[in-house]
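Student: Pasted the sequence and its predicted model underneath.
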Amino acid sequence: MLPRLFATRDDLLPLIIRCTVGLVILPHGLQKLLGWFGGHGPAATIEAFQQWFGLPMTVTALVIAAESFGALSLILGFATRLCAASIGLVMIGAITMVTGRWGFFMNWYNEQGRGEGFEYHLLVLGMVAVLILDGGGRYSVDRWVSGRLKNEPG
């Protein structure tokens, strides 16, 4: 099981995808984790998610972890499949709890009383699907770990 988690090919495409997803998701996580980029930090995020969505503190903590530590791990290519899956679950949650009701399209024209659609989340889901299937690719910690696991005796 462990070797499969880290297995990956020496391919550039997962590198590009994981860095793109990580760099896009990380600021959202840092808003929630540290209050950066106009965010409100963990206490306010936990309170808001409980009030708005009825999410327990542990689920919100997992969302914060996926968007911050998971995104950073994607950039590094560490536990790529696990981190990509966790970000994918966050995107599914966002679609089902928030953006799904507004339809497919983003709110480009700032229509009054209308939120954002789920097209962004669908793009992220497609990208994390590739990472779940292919792993971290070139220049990833996963590739290094995979090589070490192959060289273990036994």
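Tutor: Sure, I can see it.
Student: Select the helix or strand of this structure having the lowest average pLDDT value.
Tutor: In the chain, the helix or strand scored least confidently by mean pLDDT, DSSP states H and E is helix 2-6, which has a mean of 77.
Student: List of residues touching it?
Tutor: Contact with helix 2-6 is made by A79, R81, L82, G135, D142, R143, V145, S146, L149, K150, as judged by C-beta atoms under 8 Å, 6 or more residues apart in numbering. Heads up, the C-betas are built off the backbone N, CA and C, glycines and all.
Student: Farthest pair within the residues you listed?
Tutor: For these, the maximum inter-member distance is 19.6 Å, found between L82 and K150 (C-beta to C-beta).
Student: How confident is the prediction for C19, by pLDDT?
Tutor: Per-residue pLDDT puts C19 at 98.
Student: So the residue nearest the centre of the chain versus G103, what's the distance?
Tutor: For the chain, the residue nearest the mean C-alpha position is I87 (2.7 Å; C-alpha atoms, centre = their mean). Here I87 is placed at a distance of 23 Å from G103 (C-beta to C-beta, to the nearest Å).
Student: buried set for the helix ranked longest in the chain?
Tutor: As assigned by DSSP state H, the longest helix anywhere in the chain is helix 12-34. Buried residues in helix 12-34, counted by 16 or more other C-beta atoms under 10 Å: 14-15, 17-19, 21-22, 25-26, 28-33.
Student: In CSV, list the C-alpha atoms belonging to it.
Tutor: Taking Å, rounded to 0.1, in the frame of the first residue of the first chain, the C-alpha atoms of helix 12-34 are listed here in CSV:
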residue,chain,number,x,y,z
LEU,A,12,6.5,16.9,-16.2
LEU,A,13,2.7,17.1,-16.5
PRO,A,14,2.0,16.1,-12.8
LEU,A,15,4.6,18.7,-11.8
ILE,A,16,2.8,21.4,-13.7
ILE,A,17,-0.6,20.4,-12.5
ARG,A,18,0.3,19.9,-8.8
CYS,A,19,2.1,23.3,-8.6
THR,A,20,-0.8,25.0,-10.3
VAL,A,21,-3.4,23.5,-8.0
GLY,A,22,-1.2,24.1,-5.0
LEU,A,23,-0.5,27.7,-5.8
VAL,A,24,-4.2,28.4,-6.4
ILE,A,25,-5.5,26.6,-3.3
LEU,A,26,-2.8,27.6,-0.8
PRO,A,27,-3.9,31.3,-0.5
HIS,A,28,-7.4,30.0,0.4
GLY,A,29,-5.9,27.8,3.1
LEU,A,30,-3.7,30.6,4.4
GLN,A,31,-6.8,32.8,4.7
LYS,A,32,-8.4,30.2,7.0
LEU,A,33,-5.2,29.1,8.8
LEU,A,34,-3.4,32.4,9.4
